[in-house]
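Engineer: I'll drop the sequence and a predicted model, then ask my questions.
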Amino acid sequence: MIPQTVTHVNLVATTGEPIGVGPEVSVAAAQQFLIEQPSAAITLLGDADLLKLASQGPIDLSGRLKIQSVPLSAPVIQGVLNPQNAQYVINTLNEAIDGCLSGRFDAMVTAPIQKSVINLAGTPFTGHTEYLAGRCKAQHVVMMLCATLPKSFFNLKEPRDLRVALATTHLPLQAVSAALTQELVLETIQIVQHDLRTKFSISSPVIRVAGLNPHAGESGYLGREEIDVIGPAIESAQRLGIDASGPYPGDTMFDPASLESVDAFIAMYHDQGLAPFKFVTFGSGVNVTLGLPIIRTSVDHGTALDIAGKGIAESGSMLEALRLAYQLAINQKEKS
């Protein structure tokens, strides 16, 4: 029997806000994932003493799970956010991004961070997605949430991946309409289609696009964004050979029948897409940044400061993020 070739994938994980659940879920998920995948290695970025404390036991450092220590700027006091450690969080991100850009790592996974404390430290920060775009010099990136729905969900014939991408991300609701342009919506559709093909290995992606207003504007009676911006962008995408349709009313776009055939849904703003997504997937969702020259996945939850350090944080979303990062890295290696 000819032995199968083992593909080695090197993942890196940033462990997030030091007083949040990031350190503990990173260690727990990494250890579980490495049991599942003997061909993978993971490097955890964070303060070594903090991660050892968060592990609630010995960390297996026998080769495939490594800690690259990034020192804290100030001691951690559980329950007390400290802007002095904001740069520590940024440093872990920079190490991971630069390692992926240089080819040292095949993909990066991020634990949750506390955006407010980074801003309090004087660093303008709206989120991982925007920071990654700047660091990677990417002109336009797209946030997409992914989760696998079970066969029993709404009578699905088989398990099906639910993917929801966003045309705009962390904007106040009153700023969304002004931010939407034909160019932005078209580029979002193009990036989603491109990365579904190149990173997810979906040869002919099917994409649904939401409108902005109730009832998708109801022929202009409830708003013209669908007529002036979103609809023309979809038509441009169709002329480019992209299987995109819409604009659909936000309250009916996610109908059960569409789950069998649609590869990605594009929402116009944060809560339009993520509220229904998290309602049916909370705890198992993964955040993926599309449009980057690297692979990045993340948990779909926050820092959970109220339960951090109590040993009750669930590591399921971090585990799913590692699984997806690994699969996307495998897909990329197979194409190269």
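Structural biologist: That came through fine.

Engineer: which residue ranges of the chain form helices?
Structural biologist: Listed in chain order, the helices of the chain (DSSP state H) span 22-36, 48-54, 86-101, 115-120, 128-136, 173-179, 182-198, 225, 231-239, 270-281, 316-335.

Engineer: give me whichever of the ones you listed is most buried.
Structural biologist: Highest mean neighbour count among the helices of the chain (mean count of other CB atoms under 10 Å): helix 22-36, with a mean of 23. Backbone N, C-alpha and C define where each C-beta goes, glycine included.

Engineer: need the residues that contact that one.
Structural biologist: When contacts are defined by CB atoms under 8 Å, 6 or more residues apart in numbering, helix 22-36 is touched by residues 13-16, 40-42, 44, 46, 50-51, 53-56, 59-60, 64-65, 111-113, 299, 303, 308-309, 311, 313-319, 321-323, 326.

Engineer: how does it look with 7 Å?
Structural biologist: Applying CB atoms under 7 Å, 6 or more residues apart in numbering, the external contacts of helix 22-36 come out as 13, 15-16, 40, 42, 44, 46, 50-51, 54-55, 59-60, 64-65, 111-112, 303, 313, 315, 318-319, 322-323.

Engineer: before we move on, what about stretch 124-143?
Structural biologist: 93-94, 97, 101, 110, 115, 118-119, 165-166, 169-170, 187-188, 191-192, 287, 289-294, 296, 298.

Engineer: and if you look at stretch 97-112?
Structural biologist: 9-17, 20, 22, 25-26, 96, 128, 132, 135-136, 293-299, 301-303, 318, 321-322, 325, 328-329.

Engineer: end-to-end on that stretch?
Structural biologist: 16 Å (CA to CA, to the nearest Å).

Engineer: hmm, Q78 is touching G309, no?
Structural biologist: Yes: Q78 lies in contact with G309 (CB atoms under 7 Å); the separation is 4.8 Å.

Engineer: ok, those two, which is more surrounded?
Structural biologist: G309 (18 against 10; other CB atoms under 10 Å).

Engineer: check contacts around that one.
Structural biologist: Contacts of G309 (CB under 7 Å, 6+ apart): Q78.

Engineer: before we move on, what about Q182?
Structural biologist: Here Q182 is in contact with 229, 232-233 (CB under 7 Å, 6+ apart).

Engineer: same deal with A86?
Structural biologist: 117-118, 121, 123.
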